[in-house]
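A.B. asks: Below is the sequence, then the predicted model.
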Amino acid sequence: MTQGDFIDYSRQKTVNKIFALLVVVTVLIAISLKLSEPPDETTIVVVFLGIPLGLVILSSLLGAGSKRAIDYKAGKWNSRKVSMSFSEYEQMTEDYEDAYGVLFSHKGDSCGCCLLLIVVGFLGIAGCIYDLALTGGMLNPLFSIPLDSIFVITIIYIIASVGSFIVGFRMPAIDASEFFKPILTGDVYEFASELNTVPNIRASMDVEIGEREGVLTILDAEGTAHVEGLPDAVTIRVKVSHSGFAYPYLVGTVYKGAKVLPIQKYPAVNAKYPAMLEFSMDDDVTVIVARFDIPKRTSSVPNISKKDFRALAAVLAKELKKNYDEAQQ
């Protein structure tokens, strides 16, 4: 996979030049303030602590601006759907990450900015103490007092600016929703892959691949399972809701299946929580939702194990087969 001509970096280069100029000018200003005679304690605190902390915030904003300045050239993607195993999908997502990972949004890195503020604050305080010790004659300089000050300022400012720029750059995504779709990962993928180990269920990944000018991308991906011995008109899909904990459930459908009433059943399942099957009709489709009936009030955070989830899937597969067989009679 390569990015081809549909990604335009021209505006990003301008933002990056502004960032580089900002760092150089800020370092020169800080050095000028520090080397001014006589440097007082207020100047030392501003140079080693105040300006670097402000630089963290400004650099992170410029980093985000650099990512947003990457332009996507819209165009038509020729799509095709393929079914693949979970191992094949994992290899594809690795290749996808290698090719386009720099353009993704990594919102989990937002705490990195707070961490940088702490690190830079610590380095700034250490720089203040070190410089005061030098000027007070309590420490011998490594080179000379001016050179030591320049060295410490440069190190702190580079860490503050470059580190926060990288964090800011990673957080947003480029504006290309038709090109980049979120890769199916996390809880949904993990529970979907568990279906592949349930007897009488065959699970796979349905991936929509887009192609444009010889470049490939993943337009969409979904884990889908079918019951062994039944046509693909009988499907099982995994859904996961998050309301304080991961709550997986299964949606089974039978196209032109046997008619059912909107009722609930509680099959016997060897699991921590009682299992529930909810039946309904959607035009010509029979829908059976399988989930665990979690008590509204619990003494601990509910947790549905992979073992219990597989047991629930096995019960759903039997119910889908029963419904399909009834429809064929």
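C.D. replies: Sure, I can see it.
A.B. asks: how about the nearest residue to the one residue sitting closest to the centre of the chain, chain neighbours excluded?
C.D. replies: For the chain, the residue lying nearest the average C-alpha position, counting by Cα atoms, centre = their mean, turns out to be His106 (5.0 Å). For His106, the nearest residue in space outside its immediate sequence neighbours is Arg170; the separation is 4.3 Å by Cβ to Cβ, 6 or more residues apart in numbering. Placement of C-beta: from N, CA and C, glycine included.
A.B. asks: What count of nearby residues applies to that neighbour?
C.D. replies: For Arg170, the number of neighbouring residues by other Cβ atoms under 10 Å comes to 21.
A.B. asks: and if you look at Leu21?
C.D. replies: Residues contacting Leu21 under the criterion other Cβ under 10 Å number 10.
A.B. asks: Strands of this structure, start to end?
C.D. replies: Assigned strands in the chain, in chain order: 7-8, 71-72, 78-84, 201-212, 215-227, 234-242, 246-255, 264-265, 275-282, 285-292 (criterion: DSSP state E).
A.B. asks: Now tabulate those strands in JSON lines and tack on mean pLDDT and mean neighbour count.
C.D. replies: Rendered in JSON lines, the data for the strands of the chain read as follows (pLDDT from 0 to 100; neighbours: other Cβ atoms under 10 Å):
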{"stretch": "strand 7-8", "mean pLDDT": "82", "mean neighbour count": "15"}
{"stretch": "strand 71-72", "mean pLDDT": "84", "mean neighbour count": "16"}
{"stretch": "strand 78-84", "mean pLDDT": "90", "mean neighbour count": "12"}
{"stretch": "strand 201-212", "mean pLDDT": "90", "mean neighbour count": "18"}
{"stretch": "strand 215-227", "mean pLDDT": "88", "mean neighbour count": "19"}
{"stretch": "strand 234-242", "mean pLDDT": "93", "mean neighbour count": "18"}
{"stretch": "strand 246-255", "mean pLDDT": "94", "mean neighbour count": "20"}
{"stretch": "strand 264-265", "mean pLDDT": "94", "mean neighbour count": "12"}
{"stretch": "strand 275-282", "mean pLDDT": "95", "mean neighbour count": "16"}
{"stretch": "strand 285-292", "mean pLDDT": "96", "mean neighbour count": "20"}
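A.B. asks: how about the helices in the stretch 101-250 of the chain?
C.D. replies: Using DSSP state H, counting those that start in this stretch, the helices of the stretch 101-250 of the chain run over residues 110-135, 145-170, 186-194.
A.B. asks: for those helices, which one sits closest to Ile29?
C.D. replies: Closest approach to Ile29 among these is made by helix 145-170 (10.2 Å; Cβ to Cβ).
A.B. asks: Summarise which helices and strands that closest one is packed against.
C.D. replies: helix 10-35, helix 51-68, helix 110-135 (3 or more Cβ pairs under 8 Å, 6 or more residues apart in numbering; DSSP states H and E).
A.B. asks: Comparing those, which comes out most buried?
C.D. replies: Most buried of these, by mean neighbour count (mean count of other Cβ atoms under 10 Å): helix 51-68, with a mean of 21.
A.B. asks: what about Val46, how many neighbours?
C.D. replies: Other residues near Val46 number 18, with proximity taken as other Cβ under 10 Å.
A.B. asks: Hmm, it is touching Leu33, no?
C.D. replies: Yes. The pair Val46 and Leu33 passes the contact test of Cβ atoms under 8 Å, sitting 7.1 Å apart.
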